[in-house]
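1. coords please:
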Amino acid sequence: MQFLVRDRACVNHPVIGIGALSSPIMQLRQRDSWIGWHPDTFLERVRREPTRKIAVWLVNTLNTAIDEIYVADLLEDGVVSTRDLKSPPSAAIERLMKEGIAARRKHHRHTRSRDHKRNRGDRQGD
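-> Modelled structure (predicted):
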């Protein structure tokens, strides 16, 4: 969304600002590689120049991501136990995989594309 900011108090309302709001483009490979964000670029740098700082950051990032996983429903439904969360056996991983497949199927079965897409004829203006 682009916009102009005009000074209504002055004659002819001069433009005093120009702005724009937009979402960033996600996963732009060339930009991400240049910055070092692309996974391949990042891994290459870590292999070439491993540091304790990067190792600590990786461990902290993984631990944070793991701690943020919502598990209350999985525990309540008996898909996993609290013991499984600490050191998951193969059977628990298999149950989680099956649960994920079933949840995805259910999501797609009950999703209607018309709820997420508008007909081009519905648009008005330019």
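2. so what's the residue positioned nearest the centre of the chain scoring on pLDDT?
-> Nearest to the mean C-alpha position of the chain, by C-alpha atoms, centre = their mean, lies residue 26 at 9.3 Å. On the pLDDT scale, residue 26 is placed at 80.
3. ok, now residue 107?
-> Listed pLDDT for residue 107 reads 85.
4. Quick check: which ranges of the chain have low pLDDT?
-> Scanning the chain for pLDDT under 70 picks out 113-126.
5. Mind jotting down where the strands sit in it?
-> For the chain, applying DSSP state E gives strands covering 2-6, 15-20.
6. what's the closest of those to residue 44?
-> The closest of the strands of the chain to residue 44 is strand 15-20. By C-beta to C-beta, the value is 34.2 Å. Yep, even glycine has a C-beta here, placed from its N, CA and C like the rest.
7. Provide the strand pairings for the closest one, with the direction of each partner.
-> Sheet pairing here is set by DSSP bridges, and for strand 15-20 it gives strand 2-6 (antiparallel).
8. Pull the residues that contact the strand it pairs with.
-> With contact meaning C-beta atoms under 8 Å, 6 or more residues apart in numbering, strand 2-6 is reached by 13, 14, 15, 16, 17, 18, 19, 20, 21.
9. Go again with 6 Å.
-> With contacts defined as C-beta atoms under 6 Å, 6 or more residues apart in numbering, strand 2-6 is touched by 13, 15, 16, 17, 18, 19, 20.
10. same deal with stretch 18-38?
-> Surrounding stretch 18-38, the residues in contact under the criterion C-beta under 6 Å, 6+ apart are 1, 2, 3, 4, 41, 42.
11. Which helix runs longest in this structure?
-> When the chain is parsed with DSSP state H, its longest helix is helix 90-109.
12. Just the CA trace of it, in PDB.
-> Extracted in PDB, the C-alpha atoms of helix 90-109 (Å, rounded to 0.1, in the frame of the first residue of the first chain):
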ATOM      1  CA  SER A  90      10.700 -45.100  17.100                       C
ATOM      2  CA  ALA A  91       7.100 -46.100  18.000                       C
ATOM      3  CA  ALA A  92       6.300 -42.500  19.200                       C
ATOM      4  CA  ILE A  93       7.900 -41.000  16.100                       C
ATOM      5  CA  GLU A  94       5.800 -43.400  13.900                       C
ATOM      6  CA  ARG A  95       2.600 -42.300  15.800                       C
ATOM      7  CA  LEU A  96       3.400 -38.600  15.300                       C
ATOM      8  CA  MET A  97       4.000 -39.200  11.600                       C
ATOM      9  CA  LYS A  98       0.600 -40.900  11.200                       C
ATOM     10  CA  GLU A  99      -1.100 -38.200  13.300                       C
ATOM     11  CA  GLY A 100       0.500 -35.500  11.000                       C
ATOM     12  CA  ILE A 101      -0.700 -37.300   7.800                       C
ATOM     13  CA  ALA A 102      -4.200 -37.600   9.200                       C
ATOM     14  CA  ALA A 103      -4.400 -34.000  10.400                       C
ATOM     15  CA  ARG A 104      -3.200 -32.800   6.900                       C
ATOM     16  CA  ARG A 105      -5.900 -34.900   5.200                       C
ATOM     17  CA  LYS A 106      -8.600 -33.600   7.500                       C
ATOM     18  CA  HIS A 107      -7.400 -30.000   7.000                       C
ATOM     19  CA  HIS A 108      -7.600 -30.400   3.200                       C
ATOM     20  CA  ARG A 109     -10.900 -32.300   3.300                       C
END
